[in-house]
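Quick one, structure for this:
(one chain, ligands or ions: 1)
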Amino acid sequence: MTSPAFPARRLGVLISGRGSNLQAIIDAIGAGTLEATIGIVISSRASAPGLARARAAGIPSAVIAAADHPHRDACDAAIVDRLRAAGVELVCLAGYMRLVGRPLLEAYPERILNIHPSLLPSFPGLEAQRQALAHGVCVTGATVHLVDAGLDAGPIVAQAAVPVHDDDTAESLAARILVQEHRIYPEAIAFILGGGWTVRGRRVVKADAGA
Ligand code: GAR
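Down below sits the predicted model:
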């Protein structure tokens, strides 16, 4: 099925930490390269530095921590309530370090994006940059994908390749990947918001693209 455009172009951004990808989205909106608004930022951690970025941009924010919701589905249901109340059409995970549960997946089917610091399906999960170094790959990168029930799984929207240097540390590699994350995430969000795409096998493609 071909996705329609998202009429309100309203995002909800879920974070757990630093929020540099959130900042890249805020900056792209400010620069006019991403036509969208952020209805709410939700953090899984009260201490996430990204919350200050939301405040500085005048974006409403909330903390919904797993610890306050012993039952996992209740936590996701609370997130859905806040997203819906904010009129969110597309959910963007930006360093959100929790698996997305069923209530959220069912409320936003094919309407949740994630950014991951590797060329998926290589190196899902935590410390993807360290995994890439440990494996000895010469090229790694970043992936934006639609979220499904798997860990860093789901159809791929965009990727960028990043070379691994001989003297890289996990930190230097992460910094180089992050530059690409900040470029491809706003681009991928703009593509999804524009509609006219479909999921073909493992990829998200323009609906009129040749098979
Ligand atoms: C980013 O590198 C993002 O790709 C990664 O966490 C970092 C968050 O940074 N996400 C994952 O590993 C998800 N599996 P940020 O808070 O500065 O955007």
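
Helix, strand, or coil at A188?
helix (DSSP: H, G, I helix; E, B strand; the rest coil).

Surely it is in contact with A94?
No. In this structure A188 lies outside contact range of A94 using Cβ atoms under 8 Å: 11.9 Å. The C-beta positions use only the backbone N, C-alpha and C, and glycine is treated the same way.

tally of neighbours for the closest residue to the ligand within the chain?
When scored by Cβ to the nearest ligand atom, the chain has G95 as its residue closest to the ligand, at 2.6 Å. If you count neighbours by other Cβ atoms under 10 Å, G95 ends up with 23.

Give the buried residues for stretch 192-211.
192-193, 197-199, 204-205 (16 or more other Cβ atoms under 10 Å).

Surely the residue of the chain closest to the ligand is within a helix?
No. Counting by three-state DSSP, G95 falls outside a helix, being coil.

didn't it look like it was pressed against I15?
Yes. With contact defined as Cβ under 8 Å, G95 and I15 form a contacting pair (5.5 Å).

overlap in contacts of these two?
Counting by Cβ atoms under 8 Å, 6 or more residues apart in numbering, the residues touching both G95 and I15 are 22, 50.

Return the residues of this protein in contact with the ligand.
Contacts of the chain with the ligand, taken as Cβ under 6 Å from any ligand atom, map to 15, 17-21, 50, 94-95, 115-117, 128, 152, 178, 181.

Out of those residues, which one has the weakest pLDDT?
Least confident of the residues of the chain next to the ligand in the model: D152, at 94.

Look up how far S122 lies from it.
10 Å (Cβ to Cβ, to the nearest Å).

Which of those two has more residues huddled nearby?
Neighbour count, other Cβ under 10 Å: between D152 and S122, D152 has more, with 21 against 15.

any idea how far H182 is from the closest residue to that one other than its chain neighbours?
Nearest in space to D152, with sequence neighbours left out and distances taken as Cβ to Cβ, 6 or more residues apart in numbering, is P124 at 3.6 Å. Distance of P124 to H182, computed by Cβ to Cβ: 21 Å.

In terms of neighbours, single out the busier of those two.
Of the pair P124 and H182, H182 is the one with more neighbours under other Cβ under 10 Å, namely 18 against 15.

Give me the buried positions along the helix or strand hosting the more buried one.
Here H182, judged by DSSP states H and E, is contained in helix 170-193. Within helix 170-193, the residues that count as buried by 16+ other Cβ under 10 Å are 173-174, 176-178, 180-182, 184-193.

So which elements touch that helix?
Here helix 170-193 touches helix 20-31, strand 90-93, strand 112-116, helix 128-135, strand 139-146, strand 156-163, going by 3 or more Cβ pairs under 8 Å, 6 or more residues apart in numbering; DSSP states H and E.
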